[in-house]
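J.: can't give you the sequence, but here's the structure:
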C-alpha cells in the first residue's frame with residue numbers, strides 16, 4: 001500500500017482508474033493541513049518579547065514619572081486567509097473533482113479562514129457547500145450550485161468579477177490565493193493579465209497550479225498563463241496527486 005501511495009504522488013490525476021482515485025481521496029482525507037499565519041497588530045505581554053514603549057511609558061506615568069521595569073510584548077500570530085479559485089471548465093473536467101476534494105479538506109481544517117470559488121463562464125462561491133462535513137455530500141451540493149460545470153471559460157471576466165466584489169476590501173486582501181487552472185482563455189487574454197495584476201497587488205501571494213503544464217504535446221504555458229506569469233509569485237506544476245504536501 002505504501003509503494004502504491006508513493007506512485008500516486010507522481011501520477012497525472014486524469015489517468016487514474018477508479019481504484020486509484022479512491023485511494024487518492026483517502027490520502028486527501030488523511031492530509032495534515034497547516035494554515036499559513038500572519039502577525040497580528042495586537043501584542044500581548046511577553047517576558048522575552050520586544051520592549052513595549054507605550055506600556056512602559058504608561059506604567060511610569062502611573063508611578064508619577066518614577067522609573068520602573070521595562071514592559072515587553074510580542075505580536076500574536078493569527079491564521080492567514082486562503083482563497084481557492086478552481087477552474088471547472090471543460091478542459092479541467094478530469095481534475096475539478098479532485099481539486100475540490102482537496103479544497104474540502106483544507107476548508108475542514110480551517111473553516112473560517114478558507115474561501116473557495118469556481119471559475120468558468122461565471123464566478124460561483126462554493127464555500128458554504130464545502131463546509132458540509134461529508135465530502136461526497138459537499139461535492140454534490142457544490143455541483144448543484146455551479147451552473148457552468150464543464151462549460152467554457154472566460155477567466156479574465158471572472159477574475160474581474162472576483163476582484164470587484166472580493167478583492168480590495170474583502171477576502172483576497174492579504175490572503176494566499178490558489179488558482180487551479182490551465183489558463184486557457186476564450187476571451188481577452190490581455191484582460192486576464194490585468195486582472196491577475198490587480199489580484200497580485202492585494203493578495204499576500206498567488207499560487208497558480210496548471211495541471212496541463214509540462215505534458216507532451218502541450219506548450220509550456222497557455223498564452224493567458226504566460227501573460228499572468230509576470231505577476232505570479234509561484235507557478236506550480238500539475239497537482240498530480242501530491243497529497244503528502246499540506247497547503
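T.: Received, thanks. Everything numeric in this text was worked out from a predicted model, so none of it was measured.

J.: okay, CA-based contacts and neighbour counts for the rest of this
T.: OK.

J.: remind me, longest helix of the protein?
T.: In the chain, with assignment by DSSP state H, the single longest helix is helix 93-109.

J.: helices and strands around that helix, which ones?
T.: When contacts are defined as 3 or more Cα pairs under 8 Å, 6 or more residues apart in numbering; DSSP states H and E, helix 93-109 sits against helix 18-29, strand 82-87, strand 114-119, helix 127-130, helix 135-145.

J.: and the third one, how far out from the chain's middle?
T.: Using Cα atoms, centre = their mean, to the nearest Å, we find the averaged C-alpha position of strand 114-119 to lie 8 Å away from the chain's own average C-alpha position.

J.: who does it pair up with?
T.: strand 82-87 (parallel), strand 123-125 (antiparallel) (DSSP bridges).

J.: what comes up buried for the longest one?
T.: Neighbour-count burial for strand 82-87, counted by 16 or more other Cα atoms under 10 Å, picks out 82, 83, 84, 85, 86, 87.

J.: The first one against residue 175, yeah?
T.: Yes - checked against Cα atoms under 8 Å, the pair residue 82 and residue 175 is within contact range at 5.4 Å.

J.: Break down the chain into its helices, ranges please.
T.: 2-8, 18-29, 53-62, 93-109, 127-130, 135-145, 155-166, 189-202, 223-229.

J.: packing partners for the fifth one?
T.: In terms of contacts (3+ Cα pairs under 8 Å, 6+ apart), helix 127-130 is packed against helix 93-109, strand 114-119, helix 135-145.

J.: now with 7 Å?
T.: Here helix 127-130 touches strand 114-119, helix 135-145, going by 3 or more Cα pairs under 7 Å, 6 or more residues apart in numbering; DSSP states H and E.

J.: per-residue pLDDT, residue 219?
T.: pLDDT for residue 219: 49.

J.: cool, and residue 136?
T.: 94.

J.: now residue 211: how far from residue 75?
T.: Distance, residue 211 to residue 75, using Cα to Cα, to the nearest Å: 39 Å.

J.: let me redo that: residue 17
T.: Residue 17 is 49 Å from residue 75, by Cα to Cα.

J.: ditto for residue 213
T.: Taken as Cα to Cα, the span from residue 213 to residue 75 is 40 Å.
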